[in-house]
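K.L.:
Quick one, structure for this:
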Amino acid sequence: MISILFSLLLLATAGLALWAIYSAAKSDDRLLEYPLLLAAMWLYFYVFMGWGAATTLADYLPPYTYELGQAVALLALAAVLLGWRFGLPRKPSRPVLSEWPTRYSARRAWNLGATVMVVGAVAFYRFIGQSEIDWENTSAYWYLLFHVSYPAAGVCLMVMRSNAHMRTKGRWLAFAGLVALVMWPHVLNARRGPLFPMAIMLLLVGGFTSRTKPSRKVVLGSIAGVGVLMLLAVAVRPILYDERGSYVVDSTQRLAGWSEALSKVTFEDVFGKRVKQEGDNEYFYHCGSIATAVELSCYEYGTGYLSLLVHWIPRAVWRDKPQLGTGAFCSALDEMPHVFGREATVGASVGGVAEVFMQVGWFSPLLWFLSGYLASGFYRRAAEHNDPRAFMTYAGVLSASHWLVSQGFTAAAVPLAIYVAVPRVIFRLARIRKARLIPSGALPAVR
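P.N.:
Residues are numbered from 1 along each chain as shown. Below you'll find the predicted structure:
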């Protein structure tokens, strides 16, 4: 039975998330702000899935675990929104990159972006093209190299949108072809993770380079559409992968699987089934792991985040390297079976809020406050300076936000680092040396 306290906490979380969405959506100038996207994800992971877990999986955990889990989720959302508000001026202006800055070569930036997209796509095609993938001895960075394609696509789109000379039919066709090349294996294999960053990157860059205000229908419709497609990918995967393996390059074989899956999948499969299953409901493990951490005072004390500093060392050099985010103290997820008799299924996630809580306990709202504050700083810098690097940094932060909310800071660390670093390298290489910059007034008169 759902307790009154849990219901009140759930309603408070829903109300705060809806208020954040409404506050951003009522003004076209605020449609690209961080709280709108974050609050939309919070509604799904910590309201919709929370209600599903509490109504269908209530007998699996004591009532107080759901109350505690919802209270921590509410605190985290409030902290993010507060951090965002603190980092912005009273009347923030909308970032707009209407013209390409002359200190960077537009042609060189586009060519570099297109090249990086090809590199990321080829790396992933070669990875999944192996007859047998040796997960134990294969470098994860080979697999993760596909992430470089997303910020590179953002750079290419930014160049074409802000520089009239670069908006040729040939480049638009080439760009569309590159996006299709990058996304095809992910769509073919129903991989929801790669869909989000590409969609958000293109949506934000398109909005930042528009002289007119973003369309409310386009922004909200795009976010909702991406969410539905990601849920559809989860629903069709059990049918799609039936006796077909995890990764398939053969388009004919996989398309046949898609045809079969779409004929069988129902509305309930997309929106309801996942919420009711213990192994697929992040909120269930979110509550269980937080309650375990509190019950046993079982925390990693931030050591899992500190380990990210050395995780960049390749496994070929450090053969016994711990898994990403492994801490030095107590893992609440590992201890949960001893406390509540429920063991996490293979690949299960506790969600971003619980992941942070397991690391730093009741100091977790401070980290969420900091995430909102830093995001607002990137947004403010993009609005105040005509610097494409600032625009791409902010776009990178939002593109990695799905990993942040669904899995935590650890899972978001590598994609975020790639999304921020790749554009900065491209712009560094595309920068025109000062000696080549000739002031317009210094040009000799034509006789």
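K.L.:
what ranges of the stretch 101-250 of the chain fall below the confidence cut-off?
P.N.:
Applying pLDDT under 70 to the stretch 101-250 of the chain picks out residues 131-140, 242-250.
K.L.:
could you measure the residue nearest to Gly207 when sequence neighbours are not counted against Arg94, distance?
P.N.:
Distances taken as CB to CB, 6 or more residues apart in numbering place Pro214 nearest to Gly207, at 4.3 Å, with adjacent residues excluded. All C-beta atoms are positioned from the backbone trio N, CA, C, and that covers glycine. As defined by CB to CB, to the nearest Å, Pro214 lies at a distance of 8 Å from Arg94.
K.L.:
With Leu178 instead?
P.N.:
Taking CB to CB, one finds Leu178 at 28 Å from Arg94.
K.L.:
Please say which of the two ends up with more neighbours.
P.N.:
Neighbours of Leu178 and Arg94, each counted by other CB atoms under 10 Å, are more numerous for Leu178; the result is 22 against 19.
K.L.:
Could I get the phi/psi values of that one?
P.N.:
phi -70, psi -40 (degrees, to the nearest 10).
K.L.:
what's around the closest residue to Ile432 other than its chain neighbours, how many residues?
P.N.:
Using CB to CB, 6+ apart and skipping the chain neighbours, the partner closest in space to Ile432 is Ser105 (5.5 Å). Neighbourhood size, Ser105 [other CB under 10 Å]: 18.
K.L.:
cool, Thr212 as well?
P.N.:
8.
K.L.:
What distance do you get for it to Gly206?
P.N.:
With distances taken as CB to CB, Thr212 is found 11 Å from Gly206.
K.L.:
isn't Ala328 right up against Thr303?
P.N.:
Yes: under the criterion of CB atoms under 8 Å, Ala328 makes contact with Thr303 at 4.1 Å.
K.L.:
Let me see the contact set for Gly120.
P.N.:
Gly120 makes contact with 145-149, 152, 182, according to CB atoms under 8 Å, 6 or more residues apart in numbering.
K.L.:
now do Pro101
P.N.:
386-388.
K.L.:
so what's the backbone phi/psi at it?
P.N.:
For Pro101, the backbone dihedrals are phi -70, psi 140 (criterion: degrees, to the nearest 10).
K.L.:
So what's the residue count around Leu367?
P.N.:
19.
K.L.:
mind listing what the closest residue to Tyr379 other than its chain neighbours touches?
P.N.:
By the measure of CB to CB, 6+ apart, the closest residue to Tyr379 outside its immediate chain neighbours is Tyr394, 5.3 Å from it. Applying CB under 8 Å, 6+ apart, we find Tyr394 in contact with 95, 204, 375, 378-379, 381-382.
K.L.:
part of a helix, is Tyr394?
P.N.:
Yes: assessed by DSSP: H, G, I helix; E, B strand; the rest coil, Tyr394 belongs to a helix.
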